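1. Here's my sequence, what's the structure:
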Amino acid sequence: MKKAPLLLLVIPFTFVLSAALKKAPATQEKYAETITAEDLRKHLSILASDEYEGRETGEPGQKKAAEYISGFFKSIGIPAQANGTWYQNAQLVKISGGTSSFVAQDSLAEGVAFDQDDYYYASSTPGVHIVTTDFLFVGYGIDDEKYSDYKNPDPSVYKDKVLIMLDGEPSNGVYRISGTDKPSVWTTQRRAKLNAAKKYNARAILIVPLDFAKSRDFAKHHIEGYSLLLDEPGISADAPTPVIYVKDSLVNTIFALGNAPQKNYTNYIAEWRQAINSTGLSQSVLVKTHGNILITRKEEKLITENVLGYVEGTDLKDQLIVVTAHYDHLGKHDGVVYNGADDDGSGTVAVMEMAEAFMKAKQDGHGPRRSMLFMTVSGEEKGLLGSAWYANHPVYPLEKTMCDLNIDMIGRVDDEHKNDSNFVYVIGSDKLSKDLKKITEAANKKYCHLKLDYRYDDPKDPNMFYYRSDHYNFAKNGIPVAFFFNGVHADYHKETDEVSKINFSLMQKRTRLVFHTAWELANRDKPIKLNEAKK
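-> Next up, the predicted model:
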């Protein structure tokens, strides 16, 4: 065969490559346009209807939702997993019911059995039997560089004590930690105080709200519901420190019985709260009172389902892009259904629509180079459990997983953006890989033109959203993540989070942004780079 001149070979090849590059975005946009407000509405109107009973983990509504999602994956041509289904079963332990009693007495056996109207605890509180003589009042229970209630140089002082602390943080009009009129994480996130108490090896925590009745009403679902833990070895050993919310009067009685050395206040807590707020000085008081706290719990095994839609890639198929959203919500309470249209029905149907778009591209011969896992997880509202199970039992190797794009609430507008709704919060996109943030921004600039709001990336943000959705279980394993979010609103975790309040045109735009980001990630030549570790 006669050889062609080199120039004749190069020019046609260059022309073809150039044409392909120009065509690629058009192909990409073609499949993005299959994600429509009408289809998002159609799916959400089903999943967030009363028929699905709020999709609470382990309940019939959640199982029905899993069937709907897996049925959709099947209908668009996504094959079942190796077990013949689209499910990964997560094994959980359900903790519920039981009884409780709280008794305190002095050294002369004069005792008081507190009424159950004097205290409450959340469903996540484990069964415990605490017998103690040491109750230690630690102010607000804060351990921060700007203010600390744990000032004793001997940390063993706090070990095995039942710590009594005020809810919230010191404030005289300005919050002492934040230095503004807005509270810090020590008010907005209970885990901050839990972590501090756990660090000092406390036996249990008694928290005194400023308004006990209001606090108990706000926590109604957490009191009456149930909690879940992963059913795995070692999990029970890491059970949460017991937290009990108590009335001022209960604590005053404990101190009166213990004959507190400072003063025998009848309104002890109120006076110390006022003193700390006005002076900004922490107080620590130990009282010797015999306490007997008993909480029993019922435990049973439970299975919940992550629903997996896997679209195999081409030349880079061993590498994986994961797109996640949780499809569980709060269920039904007192006959009222909490439909969770925004939280996180919106993310769930977005994942479904993206799966369909990528599957259509594959069927047309334009499938992704890297494999895609579209995964709707359960158990998020109970502690990110579905994604935690996946991270502990990955169906596809975590070391081959390039990133996770997580969608949790993208159908609404928060108060911060009432006058400019063309936005989406993006959280954590540069924490592990600056490349991921750049790719998201480039996709947005080219296709979607949303305002990307990064305010929740601030490490001092009291909401701590980076730790509060399913992407975090990937980030903990060193996998870059980006979390797409519309912020909280007046209907968050309420029965009023309904389909009628969803902005579907805005939701379409946000979903397409995640799609374009995923497309770029799936088809680029090189995987994104991890940030260099800080020395």
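2. what's the weakest-modelled helix or strand in the protein?
-> helix 6-32 (a mean of 53; mean pLDDT, DSSP states H and E).
3. Helices of the stretch 251-400 of the chain, residue ranges please.
-> With DSSP state H, counting those that start in this stretch as the criterion, the stretch 251-400 of the chain has helices at 268-279, 347-363, 385-392.
4. I'd like these as a markdown table, with mean pLDDT appended.
-> Shown next, in a markdown table, are the helices of the stretch 251-400 of the chain (pLDDT from 0 to 100):
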| stretch | mean pLDDT |
| --- | --- |
| helix 268-279 | 89 |
| helix 347-363 | 98 |
| helix 385-392 | 97 |
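5. Ok, which of these comes nearest residue 46?
-> Closest to residue 46 of those, according to CB to CB: helix 347-363, at 9.0 Å. Just so you know, the C-beta spots here come from the backbone N, C-alpha and C atoms, and that holds for glycine as well.
6. Quick check: buried residues in the closest one?
-> By 16 or more other CB atoms under 10 Å, the buried positions in helix 347-363 come out as 347-362.
7. isn't residue 425 right next to residue 488, touching?
-> No. The criterion here is CB atoms under 8 Å, and residue 425 misses it with residue 488 at 10.4 Å.
8. Minimum distance to residue 316: which of the helices of the stretch 251-400 of the chain has it?
-> helix 347-363 (13.9 Å).
9. how about the CA coordinates for the closest one, as CSV?
-> Output in CSV follows, covering the C-alpha atoms of helix 347-363 (Å, rounded to 0.1, in the frame of the first residue of the first chain):
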residue,chain,number,x,y,z
GLY,A,347,-32.7,16.1,45.5
THR,A,348,-34.1,12.6,45.0
VAL,A,349,-36.0,13.5,41.8
ALA,A,350,-33.0,15.5,40.6
VAL,A,351,-30.8,12.4,40.9
MET,A,352,-33.4,10.4,39.0
GLU,A,353,-33.6,12.9,36.2
MET,A,354,-29.8,13.0,35.9
ALA,A,355,-29.6,9.2,35.8
GLU,A,356,-32.1,9.3,32.9
ALA,A,357,-30.1,11.9,31.0
PHE,A,358,-26.9,10.0,31.3
MET,A,359,-28.6,6.7,30.4
LYS,A,360,-30.1,8.3,27.2
ALA,A,361,-26.6,9.6,26.3
LYS,A,362,-25.2,6.1,26.8
GLN,A,363,-27.9,4.5,24.6
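10. Show me what that helix is packed up against.
-> Other helices and strands packing on helix 347-363, by 3 or more CB pairs under 8 Å, 6 or more residues apart in numbering; DSSP states H and E, are helix 6-32, helix 37-47, helix 60-75, strand 298-311, strand 316-326, strand 370-377, strand 401-407, helix 504-523.
11. mean pLDDT for these: which is lowest?
-> The minimum mean pLDDT among the helices and strands packed on helix 347-363 belongs to helix 6-32 (a mean of 53).
12. my read: residue 475 touches residue 430, true?
-> No. Between residue 475 and residue 430 there is no contact under CB under 8 Å: 11.9 Å.
13. Okay, now the unreliable bits of the stretch 51-200 of the chain?
-> Counting by pLDDT under 70, the stretch 51-200 of the chain has low-confidence residues at 107-109.
14. domains of this structure?
-> Annotated domains of the chain cover 46-91+304-523, 98-296 [automatic domain parsing].
15. looking at those, which is buried most?
-> With neighbours defined as mean count of other CB atoms under 10 Å, the domains of the chain peak in mean count at domain 46-91+304-523, which reaches a mean of 21.
16. Check what pLDDT residue 534 gets.
-> If you check residue 534, the pLDDT there is 68.
17. What separation is there between the residue nearest to residue 69 when sequence neighbours are not counted and residue 356?
-> Counting by CB to CB, 6 or more residues apart in numbering, residue 69 lies nearest to residue 307, which is 4.5 Å off, once chain neighbours are set aside. Shown here: residue 307 relative to residue 356, a distance of 14 Å by CB to CB, to the nearest Å.
18. Which of the three states applies to the nearest residue to residue 166 once chain neighbours are set aside?
-> Closest residue in space to residue 166, ignoring its immediate chain neighbours: residue 140 at 4.9 Å, by CB to CB, 6+ apart. Following DSSP: H, G, I helix; E, B strand; the rest coil, we place residue 140 in the coil state.
19. for residue 140, phi and psi?
-> Dihedral pair for residue 140: phi -90, psi 0, per degrees, to the nearest 10.
20. so it touches residue 187, yeah?
-> No. Counting by CB under 8 Å, residue 140 does not reach residue 187; the two are 9.1 Å apart.
21. who touches both of those two?
-> Jointly contacting residue 140 and residue 187 under the rule CB atoms under 8 Å, 6 or more residues apart in numbering are 168, 169.
22. which residues are common contacts for residue 425 and residue 488?
-> The overlap between the contact sets of residue 425 and residue 488 (CB under 8 Å, 6+ apart) is empty.
23. Please tell me how far residue 82 sits from residue 399.
-> Distance of residue 82 to residue 399, given as CB to CB: 19 Å.
24. My error: substitute residue 453 in the last question.
-> Following CB to CB, the distance that separates residue 453 from residue 399 is 32 Å.
25. ditto for residue 468
-> In terms of CB to CB, residue 468 sits 26 Å off from residue 399.
26. How about residue 137?
-> Residue 137 is 49 Å from residue 399, by CB to CB.
27. again, but for residue 32
-> Taking CB to CB, one finds residue 32 at 30 Å from residue 399.
28. Three-state assignment for residue 410, please.
-> coil.
29. Look at it and report its pLDDT.
-> pLDDT at residue 410 comes out at 98.
30. Fine by me, thanks again.
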